[in-house]
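[1] Provide a 3D model corresponding to the input given below.
(4 chains)
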Amino acid sequence: MIELKNVSKWYGAFRVLDDCSLRIAKGEVVVICGPSGSGKSTLIKCMNGLEPFTRGEVTIDGISVGARDTQLPKLRARIGMVFQNFELFPHMSAAANITLAQLKVLGRDRATAQAKTDALLARMGLADHAAKFPAQLSGGQQQRVAIARALAMDPIAMLFDEPTSALDPEMITEVLDVMVGLAEEGMTMAVVTHEMGFARKVADRVVFMDEGAIIEDAATAAFFGTPRSERAQHFLSKILQH
Amino acid sequence: MGSYRWNWPILLADPYYGWIVSGFGNTCLIAVLAWIIAFPLGSAIGIARTTELRPLRFAGTAYVEVFRNIPLLAQMFLWYFVVPELLPQDWGRWVKRDMPYPQFLTSVLCLGLYTASRVAEQVRSGLEAIPRGQHHAGLAMGLTPAQVYRYVRLPVAFRIIIPSLTSDFLGVFKNSSLALTIGVLELTSQARQIEEYTFAAFEAFATATLLYCAVTGIVILAMRQVERRTRIPGTIAIGTQ
Amino acid sequence: MGWPIAARLGGTLLLAATALAAPASHALAQDGPVMKRIAETKTLNIGHRDASPPLSFIGQDGKAQGYSIDICLKIAEATKEELKLDKLEVKFIPLTPQTRIPLLTAGTVDIICESSTHTLGRSRQVSFLNTTFLTGSKLLVRKNSGIKRIEDLTGKVLVGALGGTNERAAQVEIDKKGIKIKGGEIVKVKDNAQAMLNMEQGRADAFTSDDVVLFGLASLAKNPAEWEVVGPYFSYDPYGMIIPRNNDDWRLLGNKTITMLVRSGELHAIYKKWFEPGPSNINYPMSERLRENLELIALPD
Amino acid sequence: MEGGFDFAILIRNAPFLWGGMVLTLQLTGLAVAGGLALGLVLAVLRLSRIPFVPALVAGYVNFLRSMPLILAIFWFYTLIPKLTGQSVSSFYSVLIAFILFEAAYYSEIIRAGISSVRRGQIAAALALGLSNAQAMRYVVLPQAIRTMIPVLLTQSIVMLQDTSLVYVVGLRDFLTTADIVAGRDSRPVELYMFVALTFLVVCFSASRLVNRLRRRYAL
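    Presented below is the predicted three-dimensional model:
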């Protein structure tokens, strides 16, 4: 479904991504981890064309992301994305955040969009917060609205870019629970995260990156059992210490 | 005040009262018309400077640099005395001879184009103050770049810059006093004219000053209301003191 | 036809001015602070204009000079004598139409020597010395424009310097005669130079100002032969030096000096120096009217 | 245009125009220095807790900011002799007007700069045992200056352009000298374009410099 072939990216002389190749099949959950600055976020943003890349190819459902004639907005509408800082639109209520793209991108009528929004908010346990503005919600609530906003587009896959790293500890679970639910429903997911518990529980594969390169790409059990690279071992020992 | 003889009633006498009223009217009219040019044009240029398209960005930057680095007074003279001379002869003649209200329209155009460069800078800084992630979030949902501007970035940017836009509007209002240099009878020049006729300098200029201050006060109060009404729930006010 | 009207008008105004002035100088004689200040500081501050040739302007040497300045220097001499000062320093302070009255009332200048018309309205704020120059509004036009008088301005653009008495007189005249000028209003620009630019660029067809000013500007134009000053006078503009009100001793001294200059013929010599043809080539011989007016103020001892 | 361009006129009048430029630069330099000094005082007073003083300063600042500069120049030109009873040359009266006027703008910039330093920074400095004054001197001001300098410079460039308004009191700045030549020789196209280009070059270079500073000191 999502396929990266030999993707490289430079900022001037600085190499951000180094010949990355990765396949995510339909229904697969892939966790991407690695030390900060390793290129994880850039990699995941290449998947829906938010970050242009210098070389290589990214395809979604066979459609090339980098090709000139690709209608990126159309393609992106089919891939949901959730950001580290939620990125809800501050001037719109929770409901309006979820409804916006349904109206403007999918062209749904207002009633249909509203019904979809209500259903998603209910599913996130946020039915009472529909009229609130992002600044009036807690971090965990905001991130759940953001997930609902992505799901409202009926995406074929979801990209998560460190969805819990800006959250207070007590709110991490409420977001992770939603993500676990999604994974269990069979959603195709690429997740950049340090939550190794989550990875263990739902990921099919774990990808480890360092210095812009994919160092390991292994089934979850194998990764946690015997990561082959020294760097991955070092990384795991650091974040699993506590 | 030495031998100065105060003569406030003179300002209510005919024709001076009428001069102040018409001068004040002209000042307001110039300011509003110039703003009608400056706001949309400045917004467009400000947006152009934040796009990914190089030629657009360059054009926007060039516009801003040219218009804000030449004194407004010099621009006034350029539009009035120089531009008609550089036009093809027939057009030049039309501008100089047949265009209605030549001084008034020239000053509106000049002020509008100058103020647009200031508005452009405000809009650009407003747009740049919005985290890049907002832009990404909009794109990730499938919105086109234009839609991201329309629904996400601009509504927030304009809210952020209400205070600075207010001061730019007040700027155009104050700067309209320069229209007197090419012969528009706005508030300052009417005050000057009254002074010239009656030698009641302090009365005339105090009245003009009070009118400027009054408008400034009213505009600031009105814009505070706008700011309050458009404030995003849950956020703290930006820029209000 | 303009001459008799102007002369009559002038006579009336002169009478009025004398009538106003006479009781003040006798019944309410007041010695103001100016003379005392001059005596104490041994300084006379003369206000002048930068560019009002040949009456009051800055010459090539960067110094204030002109017809009005020469008269004021004579007043300075008389002041030194009157106050029995060993020396009197004369300071020149440049003024603009916007600043002259405030600076006069503030005591920054003691006398304004330039080209101001004596009007009743202005007399509320300041005092004028006796009239030393007479002029009136006329029109400057291109020789080939066909404009010979103000009636020919129908559908034409008329320009004037903001705040001058000329522009107001022109307005009264076109209102009275029902002349429909282009745009419905006189174009008022910031100064004479700008008005001249409007003429040179063909934005305006006629420029109203005091004829002496128009002659001066035309003589300085790129091509002086292109221009002519036309029309009967449609305003009467007597020029006088301005001093602060309620300084009767100072005014008396000023007027006495002028009277003496007229009686001795010195004033006519000063006039000749600046106007016939004068440094700016204006060539504006003394009019009969001014000659008569000067005789009127040459009071006997 | 009739007769074509005559740019030699600029060379013929170079000394006269240069005199105007000198006045413009002198006025700008002195007004910036004086305005900054007074502006700093005003900003500190505005942020102080002395009773009534912040309100008074705010009143002063807002009053001047709501008036066109052209009116302010006129006012100071007439008021200073009234208040002091001294005759003051046009140059000094305009200089005082600019200093008082610009100080109102500078003080707002300085105040905003000081306020932009996060409260936590002061708390941290005090927690280290620094006195209030030391906290201001070593922690707040160095950070505030970084944010302030580009804005102050931008305002000074605006002020350089605003000097063109001194013609109302008969002073001959750069634009006014050009205006005089333009009127006298009827060459507005050459003269006004020359003025515009000169200001464009000077102010554009200055604003480039500001941008470089902004990048260098960006926090």
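[2] stretch A:16-26: which residues count as buried?
    A:Val16, A:Leu17, A:Asp18, A:Cys20, A:Leu22, A:Ile24 (16 or more other C-beta atoms under 10 Å in any protein chain shown). To be clear about C-beta, it is placed using only N, CA and C from the backbone, and glycine gets the same treatment.
[3] the first one looks like it's in a helix, true?
    In this case it means A:Val16. No: secondary structure of A:Val16 (DSSP: H, G, I helix; E, B strand; the rest coil): strand, not part of a helix.
[4] so how far is chain D from B:Glu196?
    Noted for B:Glu196: a distance of 13 Å to chain D, by C-beta to the nearest C-beta, to the nearest Å.
[5] please work out which residue of the stretch 51-200 of chain C is closest to chain A.
    C:Lys190 (47.0 Å; C-beta to the nearest C-beta).
[6] state the distance from that residue to B:Phe104.
    15 Å (C-beta to C-beta, to the nearest Å).
[7] check C:Gly184 too.
    To B:Phe104, C:Gly184 is 12 Å away according to C-beta to C-beta.
[8] the more surrounded of those two?
    Shown here are C:Gly184 and B:Phe104; by other C-beta atoms under 10 Å in any protein chain shown, B:Phe104 has more neighbours (20 against 7).
[9] so what's the more buried one scoring on pLDDT?
    Here the pLDDT value assigned to B:Phe104 is 92.
[10] the spatially closest residue to it that is not a sequence neighbour: what secondary structure?
    Once flanking residues are discounted, B:Phe104 sits nearest to B:Val184: 5.4 Å by C-beta to C-beta, 6 or more residues apart in numbering or on different chains. Assigned state for B:Val184: coil (three-state reduction, three-state DSSP).
[11] cool, A:Glu216 as well?
    Classification of A:Glu216 using three-state DSSP returns strand.
[12] would you confirm that it contacts A:Ala222?
    No: under the criterion of C-beta atoms under 8 Å, A:Glu216 makes no contact with A:Ala222, lying 9.2 Å away.
[13] so those two - more neighbours on which side?
    Comparing A:Glu216 with A:Ala222 by other C-beta under 10 Å, the one with more neighbours is A:Glu216, at 21 against 13.
[14] partners of that one in the sheet?
    A:Phe208 (DSSP bridges).
[15] who's in contact with it?
    A:Val206, A:Val207, A:Phe208, A:Phe223, A:Pro227, A:Arg228, A:Ser229, A:Ala232 (C-beta atoms under 8 Å, 6 or more residues apart in numbering or on different chains).
[16] now with 6 Å, please.
    Neighbouring residues of A:Glu216 by C-beta atoms under 6 Å, 6 or more residues apart in numbering or on different chains: A:Phe208, A:Pro227, A:Ser229, A:Ala232.
[17] contact residues of the stretch 201-301 of chain C facing chain D?
    Residues of the stretch 201-301 of chain C that fall close to chain D, judged by C-beta under 6 Å from any C-beta of the partner chain: C:Lys222.
[18] still on that earlier bit, ok, the residue of the stretch 51-200 of chain C closest to chain A - contacts?
    B:Thr181, C:Leu162.
[19] recalculate using a threshold of 10 Å.
    Contacts for C:Lys190 (C-beta atoms under 10 Å, 6 or more residues apart in numbering or on different chains) come out as B:Leu180, B:Thr181, B:Ile182, B:Gly183, B:Ser189, B:Arg192, C:Ala161, C:Leu162, C:Gly163, D:Tyr167, D:Val168, D:Asp179.
[20] adding distance to chain C, write the buried residues of stretch A:16-26 out as a markdown table.
    Below are the buried residues of stretch A:16-26 laid out as a markdown table (distance: C-beta to the nearest C-beta, whole Å):
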| residue | distance to chain C |
| --- | --- |
| A:Val16 | 60 |
| A:Leu17 | 64 |
| A:Asp18 | 67 |
| A:Cys20 | 68 |
| A:Leu22 | 71 |
| A:Ile24 | 73 |
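[21] which of these sit farthest apart?
    Taking C-beta to C-beta, the two most distant members of the buried residues of stretch A:16-26 are A:Val16 and A:Ile24; they sit 20.2 Å apart.
[22] which strand residues bridge the residue nearest the centre of chain A?
    Among the residues of chain A, the one closest to the centroid is A:Phe160, at 1.6 Å (C-alpha atoms, centre = their mean). Beta-bridge partners of A:Phe160, counted by DSSP bridges, are A:Val82, A:Val191.
[23] and the closest residue to chain C within chain A, helix, strand or coil?
    Minimum separation of chain A from chain C (C-beta to the nearest C-beta) falls at A:His91, amounting to 47.0 Å. Under three-state DSSP, A:His91 falls in the coil class.
[24] that one - how many residues pack around it?
    For A:His91, using other C-beta under 10 Å, the count is 22.
[25] next: D:Leu17.
    Per other C-beta under 10 Å, the neighbour tally for D:Leu17 reads 23.
[26] need the overlap of contacts for A:Glu216 and A:Ala222.
    Counting by C-beta under 10 Å, 6+ apart, the common neighbours of A:Glu216 and A:Ala222 are A:Arg205, A:Val206, A:Arg228.
[27] hmm, D:Asp179 is touching B:Leu73, no?
    Yes: between D:Asp179 and B:Leu73 a contact is recorded at 9.0 Å, counting by C-beta atoms under 10 Å.
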